[in-house]
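# my questions concern the predicted model and sequence given below.
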Amino acid sequence: MGNPQEEVRVASQSYDLVTMGRIGVDIYPIEIGRRLEDVSQFSKSLGGSPTNVAVAAARHGLLTAVITRTGDDPFGRYVRSEVARFGVDNRFVGVVTGAKTTVAFAEIMPPDDFPLFFYRDAISPELTIAGEELDLDAIVNSRSFWATATGLCRSPSREAHHHAWDARGRKPNSILDLDYRLGFWESASEASHEIKRALRKVTVALGNQLECQIAVGESDPSRAADAMLRLGVELAVVKLGPKGVYAKSRVSEAMVPPTSVNVVNGLGAGDGFGGALVFGLLSEWLLEKTLRFASAAGAIVASRRECAAAMPTTHEVENKLATAAVS
C-alpha cells in the first residue's frame, strides 16, 4: 500500500485531546425507517468513532487532533477536509497510497435498530499506522489521549498503540474505548486477550456491557468496573443504554439515569458521550456531574440523524440538563 505521506511529520503543539483510530465516510439514508434495499436517497458525512470523539470534544472548546489514515481517493480528500472544518487538527491524518477510505452504510430504524455495514479494504488504512510514524511529543504532551480497542485488532496498528501508551507512561486521562466490532477481529478470545493487555497501560476505560464482557468477562456494571480497576485502570465507565451509565474509581462511584430524548439515530451517541466525558475529566468535575453532562451530550446526538455534525456545544448540553431538571 505504500507509506503515509511525510507531511504528517510536522512540529506538534500541546493538545487537550489526541485521538487515534478509525476515520471514514458515513452514508446514511435520508429516508428513516426503511431498509437499505428500499432507500433511494442518502447523505454522506464524516465518520469513524475516534474522529467523532475529537469533533465532539472540539465542540466543547478543546484543542483536539486525530491520528488516522485515509486512502488516496475522493473520500479521503473529503474526510480530511471535514476534520479541519469541524475544528480538529488534521495534520496527523495521513494518506496510504493505493488504499480505499472506509465507507460505512447504516440503516436507521428508531428507536433501537441501527445496523452498520462497513465497506473497506482487507486492512483499513488506519490499521497500517506504525509506531515510528507517530508524533510521540503530541501524544505525550496532550492532556488526554483516546484510543479504541478496534485499533488493536491488527498489526502494525496494535504495536503502534502500545508504543504510544509506553511513551505516555500511564499519564492521567489515557483513555481506552472498549469499542468492540466483531468483523475486525479473528475471534472474541483474541479481542479479550489484547484488550486486557491494553487495560494495564491506560487510566480510563469505558464501554457498554457487551464490550465489558469481551474485555474482562463481566457484564454486571459493578463487577466489570472492579475487574478493570484490578488491571490498573483508575476510572471504569460502563454504559447501560436505556438504564443510564455507571462509573467507579478507586475513591468514588456514581450511577446516573439516562437523559430522555426521542431517538432518531443512536450510532453517534457514544462518541458524543466520549467527547463530553473528556471535557468533564479535564475540567476536574465530580464524577456524577461528568457522567450527567456526558449522558446528556450523547442523548442529544441520538436525537439527530448524523454523527460528527450532530455533536452538541457545551451550551446545548447545559440547556438540555436544565430542561431535564425542571421537567
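Yes, it's here. Everything numeric in this text was worked out from a predicted model, so none of it was measured.

# wait, what's in contact with Ser40?
Ser40 makes contacts with Glu31, as judged by Cβ atoms under 8 Å, 6 or more residues apart in numbering. The way it works is simple: take the backbone N, C-alpha and C, and place the C-beta from them, glycine included.

# wait, is it part of a strand?
No - with DSSP: H, G, I helix; E, B strand; the rest coil as the criterion, Ser40 is assigned coil and is not in a strand.

# so how far is Ile30 from it?
Shown here: Ser40 relative to Ile30, a distance of 9 Å by Cβ to Cβ, to the nearest Å.

# CA atoms only: put the longest strand along the chain into CSV for me.
In the chain, assigned by DSSP state E, the strand with the most residues is strand 64-71. Coordinates of each C-alpha in strand 64-71 appear next as CSV, following Å, rounded to 0.1, in the frame of the first residue of the first chain:
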residue,chain,number,x,y,z
THR,A,64,-8.0,18.4,19.5
ALA,A,65,-6.2,16.3,16.9
VAL,A,66,-6.8,12.8,15.3
ILE,A,67,-4.2,10.3,14.3
THR,A,68,-5.5,8.3,11.4
ARG,A,69,-5.1,7.3,7.8
THR,A,70,-7.3,7.5,4.7
GLY,A,71,-7.0,6.1,1.2
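
# can you give me the helices in the stretch 101-250 of the chain?
136-141, 157-168, 188-199, 209-216, 221-230 (DSSP state H, counting those that start in this stretch).

# closest one to Asn265 among these?
helix 209-216 (19.4 Å; Cβ to Cβ).

# low-confidence stretches in the stretch 101-250 of the chain?
By pLDDT under 70, the stretch 101-250 of the chain has no low-scoring segment.

# regarding Met255, what is its secondary structure?
Met255 is classified as strand under three-state DSSP.

# over to Glu316?
helix.

# and it, how far is that from Asp16?
19 Å.

# what do you get for Glu253?
26 Å.

# give me the more crowded residue out of the two.
More crowded of Glu253 and Asp16, by other Cβ atoms under 10 Å: Asp16, with 19 against 16.

# what's the more buried one sitting at in phi/psi?
phi -80, psi -30 (degrees, to the nearest 10).

# one step back: just checking: what are the partner strands of the longest strand of the chain?
Strand pairing for strand 64-71, using DSSP bridges, gives strand 17-20 (parallel), strand 88-89 (parallel), strand 93-96 (parallel).

# name the residues that touch the shortest one?
With Cβ under 8 Å, 6+ apart as the test, strand 88-89 has contacts from 15, 51, 54-55, 58, 63-66.

# how about the helices of the stretch 101-250 of the chain, which one is nearest Leu282?
Where those are weighed against each other on Cβ to Cβ, the nearest is helix 136-141, at 14.0 Å.

# and that closest one, what does it pack onto?
strand 17-20, helix 157-168 (3 or more Cβ pairs under 8 Å, 6 or more residues apart in numbering; DSSP states H and E).

# let's see it at 7 Å
helix 157-168 (3 or more Cβ pairs under 7 Å, 6 or more residues apart in numbering; DSSP states H and E).

# now the angle from the helix it packs on to helix 188-199?
20 degrees (axes from the mean of the first three to the mean of the last three Cα atoms, to 10 degrees).

# who touches helix 157-168?
20, 126-131, 134, 136, 139-140, 145, 147, 151-152, 174, 194, 201-202 (Cβ atoms under 7 Å, 6 or more residues apart in numbering).

# could you do stretch 67-83 as well?
4, 18, 20-25, 46, 48, 51, 66, 90, 92-101, 103, 125-126, 128-129, 134.

# and that stretch, what's its mean pLDDT?
What stretch 67-83 shows for mean pLDDT is 98.

# contacts only, for Gly306.
Just so we're on the same page, residue 306 is Glu rather than Gly. Neighbours of Glu306 in contact, by Cβ under 7 Å, 6+ apart: 28, 45.

# all numbers from here: first residue = 31
Right, with 31 as the first residue, what we last looked at is Glu336.

# ok, now how distant is it from Ser73?
7 Å.

# tell me what angle the helix or strand hosting Asn82 forms with strand 94-101.
Asn82 belongs to helix 79-88 when assigned by DSSP states H and E. Angle of helix 79-88 versus strand 94-101, following the same axes, to 10 degrees, is 150 degrees.

# which elements pack onto helix 79-88?
strand 47-50, strand 94-101, strand 118-119, strand 175-178, helix 299-312.

# residue contacts, His90?
305-306, 309, 344.

# show the pLDDT at it.
Reported pLDDT for His90: 98.

# for Ala136, name its beta-bridge partners.
Beta-bridge partners, per DSSP bridges, of Ala136: Leu146.

# before we move on, back to that, which residues are in contact with each of Glu336 and Ser73?
Common neighbours of Glu336 and Ser73 (Cβ under 7 Å, 6+ apart) are Tyr58.

# and Leu208, which of the helices of the stretch 131-280 of the chain is closest to it?
helix 239-246 (3.8 Å).

# from the contact counts, what lies against that closest one?
Using 3+ Cβ pairs under 7 Å, 6+ apart, helix 239-246 is in contact with helix 218-229, helix 251-260.
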